[in-house]
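[1] Test case, fold it:
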Amino acid sequence: MRIRVGCEIAYELEQVTPMIVTLNVHSSRVSDLERPDYLITTPSIPVEGYRDSFGNWCNRLMAPAGRLTLKTETVVRDTGQWDTMDRSAEQVQIQNLPAETLLYLLGSRYCETDHLADVAWSLFGSTPLGWARVQAICDYVHDHITFGYEHSRATRTAAEAYDERRGVCRDYAHLALTFCRCLNIPARY
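    Residues are numbered from 1 along each chain as shown. Below is the predicted model:
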């Protein structure tokens, strides 16, 4: 299977603006690319690339005042096979979680665990621990939110997506991982 991926984003900037953009395919899939997914800027400006601690390719630049367009494009070769599932995956009790995972239990600007904790426990507190609980969260979010590009809003939080019942891909992800974090399941987007 061949999947064409990419983006084209245009900005109108009133002043020179430092930016870090993460628009490239993750490093784990680089060998599956038919060609590199270089970041192209219009106008042409210097771009410094680096890999973050999660393996994401990040591009650092100083965007000039005026119009700036960022574009990437490539084709990913994929088997089309579903990710493997481990239905027997257990949930590690919070006191036994490795220290490096505790960060992924915290709330954030988009994932307000403090606003959604009671909702999460009322919806999923009686579901079996482990894989079944995470699947119940994913199923609920899938059924709860109506997808539509017209619903896109860069500032929508997980609580707002829950209340408004609409959004785009990142809103699904934010709501699901917020519910996970509320239930002591480390999760990140």
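
[2] Going by C-alpha atoms from here, please, whenever you check contacts or count neighbours.
    Will do.

[3] Tell me the bridge partners for residue 9.
    residue 70 (DSSP bridges).

[4] unless I'm mixing things up, it is touching residue 69, no?
    Yes. Assessed by Cα atoms under 8 Å, residue 9 is found in contact with residue 69 at 5.6 Å.

[5] Look at the two and report which has more neighbours.
    residue 69 (15 against 10; other Cα atoms under 10 Å).

[6] quick one: contacts for the more buried one?
    With contacts defined as Cα atoms under 8 Å, 6 or more residues apart in numbering, residue 69 is in contact with 8-11, 41-43.

[7] Residue 114 now?
    Here residue 114 is in contact with residue 107 (Cα under 8 Å, 6+ apart).

[8] Tell me how far it lies from residue 120.
    According to Cα to Cα, to the nearest Å, residue 114 and residue 120 sit 10 Å apart.

[9] Between these two, which contacts overlap?
    By Cα under 8 Å, 6+ apart, no residue touches both residue 114 and residue 120.

[10] Just the buried ones from the contacts of residue 69, in PyMOL syntax?
    Typed into PyMOL, the line below selects the buried ones among these, using 16 or more other Cα atoms under 10 Å:
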select buried, resi 41
